[in-house]
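J.: Can you look at this prediction? I've put the sequence above it.
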Amino acid sequence: MAVAARVAVLPEKPGPLRIEEVQLPDPGPHQVLVRQHASGICHSQLHQIHEPRESDVVLGHESTGTVLEVGPEVDSVRPGDRVMVTWLPRVLDPDRRPWTATVRQADGRVAASQMVFTWADHTLVDELFLVRMPEATPTDVTAIIGCAVMTGAGAVINTADVQKGRGVAVFGVGGVGLAAIAAAHVRGADPIIAVDLDDAKLDFAKRHGATHGVNASKGDAVERIHELTRDPERTDLMGQPISGVDYAFDCIGAAEVARQIAPSLRGQAMGSNLRSTGVFVGIPRGTFEMSPGELILHEKRLAGSLGGSSHPERDFPEYLDWYARGLLDLDVLVSRRFALDEINQAVGELEAGRIEGRAILEF
């Protein structure tokens, strides 16, 4: 059945988003029509908003909803199922790529997005981007599992495989960084050092498992990390005391932050086979230089993490279990709520840095 939907559309020419009333068609063979409950508002959308584009665009890539109708070849969900929408497919099918989500506006123009769009009260999505959720699970705060939690927690659990008792530093404590801190806490990491420019956000990070907060606007963050982690009983090849964290996560993506990841890592202790790892999680902006000698001398490792190296069908139930057990406090992490008609206000608040944690749209 075709359905009327209200969708936030980013116009081709620079300007505010507008709410369009569109008709979504019947689902194609592998498509699913979803009535949305809530959608996350991700910082990465700001990059899309400010980048040049060749057509109107529909945005959003994490949400929750209820299945209304499925295409004839869909076998993973059925009408009535509650689902989480994500931008990372459950499995890769080379015969069904690339994925493009589109809506046709009243004037005939098409607005498109890669994979999915969720800033809408209904969406039409390939079944590969849906993960079923238990019927009794809340559908508001869980909307951020499809990107923020997947990306931050997945970087800790999957990309770095953080181990109990080892030190972690997380640069940037927005929604993704807070999810990384929560996952490090679940893994038993110690210390867990949050790094940001805002004392209020650092205090907020401690509610999710951070043991220390470092305000990078008030001093050298790398030096402070080494002060907090110095171990005079262990030395490196040069006879210097060991300091630094075992894992450092860049959850921002700015070049000035990326340059601090390797220097914040622990040096190689004499007689130890443990290696420290830096993980780049945030969407990169610009380039940066670093000394390869530092990596070689201390055998530090650097890795990238796309969507937390996640397998949504495997990982999302674990994150829902953390939430149910109180290990992942989504009710606190989701700090602001907006209606679809308030989308431009929500984007402005996010860009101004006035949102702690994650904001969501509720439909």
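T.: Perfect, thanks for sending it.
J.: E69 touches V32, doesn't it?
T.: Yes. In this structure, E69 is within contact of V32 by C-beta atoms under 8 Å, at 7.4 Å. Where you see a C-beta, it was placed from the backbone N, CA and C, and this is true even at glycine.
J.: Those two: who's more crowded?
T.: The neighbour count for E69 versus V32, taken as other C-beta atoms under 10 Å, is higher for V32 (28 against 19).
J.: now the host helix or strand of that one: mean pLDDT?
T.: If you go by DSSP states H and E, V32 is part of strand 31-41. When pLDDT is averaged over strand 31-41, the result is 97.
J.: Direction included, what does that strand pair against?
T.: strand 63-70 (antiparallel), strand 122-126 (antiparallel), strand 358-362 (antiparallel) (DSSP bridges).
J.: What residues of it count as buried?
T.: By neighbour count with 16 or more other C-beta atoms under 10 Å, strand 31-41 contains the buried residues Q31, V32, L33, V34, Q36, H37, A38, S39, G40, I41.
J.: Serialize those to CSV and add fields for distance to L330.
T.: CSV is the format used below for these (distance: C-beta to C-beta, whole Å):
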residue, distance to L330
Q31, 28
V32, 24
L33, 26
V34, 20
Q36, 17
H37, 14
A38, 11
S39, 14
G40, 11
I41, 15
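J.: what's the closest non-adjacent residue to I41?
T.: Closest residue to I41 apart from its sequence neighbours, by C-beta to C-beta, 6 or more residues apart in numbering: A359 at 4.5 Å.
J.: State the number of residues packed around the one you found.
T.: 23.
J.: which strand residues sit across from it in the sheet?
T.: Bridge pairing for A359 - DSSP bridges - gives I41, R336.
J.: with the buried residues of strand 31-41 in mind, which one is nearest to H47?
T.: Of all the buried residues of strand 31-41, I41 has the smallest distance to H47: 13.3 Å, by C-beta to C-beta.
J.: Pretty sure that closest one sits against L361.
T.: Yes. Applying C-beta under 8 Å, one finds I41 in contact with L361, separated by 6.4 Å.
J.: Need the overlap of contacts for the two.
T.: The contact sets of I41 and L361 overlap at G60, F338, A346 (C-beta atoms under 8 Å, 6 or more residues apart in numbering).
J.: And the strands in the stretch 151-300 of the chain, which stretches?
T.: Along the stretch 151-300 of the chain, the stretches classed as strands by DSSP state E, counting those that start in this stretch are 168-171, 192-196, 212-215, 231-235, 241-242, 247-250, 277-280.
J.: and the second one, what other elements does it pack with?
T.: For strand 192-196, the helices and strands in contact under the criterion 3 or more C-beta pairs under 8 Å, 6 or more residues apart in numbering; DSSP states H and E are strand 168-171, helix 175-186, helix 199-206, strand 212-215, helix 221-229.
J.: mind checking how far it is from the chain centre?
T.: Here strand 192-196 is found 17 Å from its chain centre; the criterion is C-alpha atoms, centre = their mean, to the nearest Å.
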